[in-house]
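[1] model this:
(one chain, ligands or ions: 1)
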Amino acid sequence: MAELCGDYAFPADPASHFPEMRNTLLLSAARCQSTSRPPVWVMRQAGRYLPEFRKLRESHDFFEICRTPELAAEITLQPIDRYPELDASIIFSDILVVPQALGMQVDMLPAHGPHFPRPLRQPEDGEKLLKETDELNVDAELRYVYAAITLTRQKLEGRVPLIGFCGSPWTLFAYMIEGGGSKTLQQAHTWINRYPELSHRLLERIADTCAQFLVGQIRAGAQMVQIFDSWAGELEAGKYRAFSLQYCYQISRTVRQLLEHHQISCPPISLFPKGGGPIALESIAQGSQADTHFDVIGLDWTIDAEHARRALEEGAKLNRAGWRGQIALQGNMNPNMLYAGQEAISRDVERMAADFRPSRPGWIANLGHGITPGVDPEDMKHFLQCVQAIRPA
Ligand SMILES: Cc1c2[nH]c(c1CCC(=O)O)Cc1[nH]c(c(CCC(=O)O)c1C)Cc1[nH]c(c(CCC(=O)O)c1C)Cc1[nH]c(c(CCC(=O)O)c1C)C2
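    Residues are numbered from 1 along each chain as shown. Predicted coordinates for the structure are as follows:
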């Protein structure tokens, strides 16, 4: 499938290869540097709530779009063209391209979402995957994403930065075992409880693949990268640290090491531990080291900014490695507020801005999870305009 993009070559130096940036609000806020106003983008901003997306989807399969750089770039730009208020773009792709690169078949079923016809069922399936991916050429498998990123950076003409991403090892592991979306993750829990050693080896392989993938995205032109740990909240505290956070640290460490080798400076790394609550945040700050930390933490709407800050501070106090870095926060309006009418949206953005005021500089406005398909694009515009009206801290 990768031949769809022909031969792809990384730009010699991503810092000087692309058009000059005209909006760097996101990159400044991610480094906790002061900005004239908080930057804003929205998870899943290129998606089914946009009629122009639905139209293109009528004639193209989901993963066909992901694998065709021209189409992926076109969809990535749809929300940027429609909403000049956006301060970032995110490459159109999916976290499940990594299981595909690891040799698993994933289909996107209409109205059902992702489906693995042959998920990992028995320990032998896990052993087989490990054996077959021992010498995986991650860049060859995923260069179609790199080609889409390089093309999108050119087409963006410096309007806004481009975000790259991957799933967290735990979230991807769970999909690979469940075979699709699941309410309980019963089978993924069964694997970590019954086969902890094999689960750790699989998580390590996934983390290593994700790290190489993020490095490829950064070399191709991604200016911030986000790790989506959509199922962080499904694990009890100790297991969150052992089976999820540890592998997110591994990604951060490996990305930093590999980029140093390529003499490319590391862009902000963001982690979105959805549903992890204060315990996940405290754990993240407690276990961070200079070479494993995250620059940005995404918050879902179930935790408010003040509790998040407190949890991160508590964790930092317990940090034995002496790590004292700053963390920017991203989030976190409930995506369902976009159905509440424009007056209610205005009020909730004001509330959110007041909550995050003590976190500025270092707040990136966003929803607390992805925008959902039923949202009226005009209400999305209203949300963005409300954020733009927030005055300097
Ligand atoms: C637009 C879209 C995407 N994925 C899916 C769709 C809808 C499918 C369609 O058009 O038919 C299926 C698609 N892909 C996935 C799902 C969730 C399935 C489930 O668990 O029930 C669906 C419906 C898996 C997935 N995929 C992703 C996550 C992490 C974020 C999250 O928690 O929502 C997850 C869990 C990431 C993702 N996925 C996508 C992006 C694009 C960039 C953006 O605009 O944000 C991103 C970042 C794009």
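[2] residues from the protein in reach of the ligand?
    43-48, 57, 62, 90, 92, 94-96, 108, 113-114, 165, 181, 228, 230, 370 (CB under 6 Å from any ligand atom). To be clear about C-beta, it is placed using only N, CA and C from the backbone, and glycine gets the same treatment.
[3] pull the distance from the longest helix that the chain contains to the chain's centre.
    The residue-count maximum for a helix in the chain (DSSP state H) belongs to helix 196-220. The chain centroid and the centroid of helix 196-220 are separated by 14 Å under CA atoms, centre = their mean, to the nearest Å.
[4] name the SS class of the residue in the stretch 251-393 of the chain positioned nearest to the ligand, please.
    Per CB to the nearest ligand atom, Gly370 is where the stretch 251-393 of the chain lies closest to the ligand, at 4.3 Å. Assigned with DSSP: H, G, I helix; E, B strand; the rest coil, Gly370 falls in the coil class.
[5] when you give positions from now on, start the count at 44
    Done: numbering now begins at 44, and the last item shifts to Gly413.
[6] the nearest residue to it once chain neighbours are set aside and Val392, how far apart?
    In space, and not counting its chain neighbours, Gly413 is closest to Arg87: 3.3 Å by CB to CB, 6 or more residues apart in numbering. Here Arg87 is placed at a distance of 19 Å from Val392 (CB to CB, to the nearest Å).
[7] ok, back up a step: for the residue of the stretch 294-436 of the chain closest to the ligand, give me its contacts.
    For Gly413, the contact set (CB atoms under 8 Å, 6 or more residues apart in numbering) comprises Val85, Met86, Arg87, Gly90, Pro378.
[8] what about the residue of the stretch 94-243 of the chain found nearest the ligand, neighbour count?
    When you check the stretch 94-243 of the chain against the ligand by CB to the nearest ligand atom, the closest residue turns out to be Gly224, at 2.3 Å. Gly224 has 12 neighbours, counted by other CB atoms under 10 Å.
[9] surely it touches Pro157?
    Yes. The criterion here is CB atoms under 8 Å, and Gly224 meets it with Pro157 at 7.0 Å.
[10] so what's the backbone phi/psi at the residue of the stretch 94-243 of the chain closest to the ligand?
    Dihedral pair for Gly224: phi -60, psi 150, per degrees, to the nearest 10.
[11] that one - nearest residue in space that isn't next to it in sequence?
    Nearest to Gly224 is Gly156, by CB to CB, 6+ apart, at 5.4 Å.
[12] kindly report the same for Asp391.
    Nearest-residue entry for Asp391: Met380, 5.0 Å, with adjacent residues in sequence omitted and distances by CB to CB, 6+ apart.
[13] OK, contacts around that neighbour?
    Met380 touches Ala387, Ile388, Asp391, counting by CB under 8 Å, 6+ apart.
[14] just the buried ones from those residues?
    The neighbour count (16 or more other CB atoms under 10 Å) marks Ile388, Asp391 as buried among the contacts of Met380.
[15] could you pull out the helices in the stretch 94-243 of the chain for me?
    94-101, 105-110, 112-125, 140-144, 166-175, 181-199, 212-221, 229-237, 239-263 (DSSP state H, counting those that start in this stretch).
[16] which one of the ones you listed is the most hemmed in?
    Mean neighbour count (mean count of other CB atoms under 10 Å) peaks for helix 212-221 among those, with a mean of 26.
[17] do you know the pLDDT at His412?
    pLDDT, His412: 98.
[18] that one: what's it in contact with?
    Per CB under 8 Å, 6+ apart, neighbours of His412: Met86, Lys317, Asp343, Trp344, Pro378.
[19] and the closest residue in space to Leu99 that isn't next to it in sequence, what does it touch?
    Nearest non-adjacent residue to Leu99, counting by CB to CB, 6+ apart: Ile118, 6.5 Å away. Residues counted as contacts of Ile118 (CB under 8 Å, 6+ apart) are Ala89, Phe96, Leu99, Ile108, Phe135.
[20] redo these as a markdown table? Include distance to Leu278 and pLDDT.
    Shown next, in a markdown table, are the contacts of Ile118 (distance: CB to CB, whole Å; pLDDT from 0 to 100):
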| residue | distance to Leu278 | pLDDT |
| --- | --- | --- |
| Ala89 | 29 | 96 |
| Phe96 | 33 | 98 |
| Leu99 | 37 | 97 |
| Ile108 | 32 | 98 |
| Phe135 | 29 | 98 |
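[21] I'd like to know how many residues surround the nearest residue to Val188 once chain neighbours are set aside.
    What sits nearest to Val188 in space, not counting adjacent residues and going by CB to CB, 6+ apart, is Ser136, at 5.6 Å. By other CB under 10 Å, 25 other residues sit near Ser136.
[22] how about the secondary structure of the residue nearest the centre of the chain?
    Nearest residue to the geometric centre of the chain (CA atoms, centre = their mean): Gln269, 3.4 Å. Here Gln269 is strand, with the state taken from three-state DSSP.
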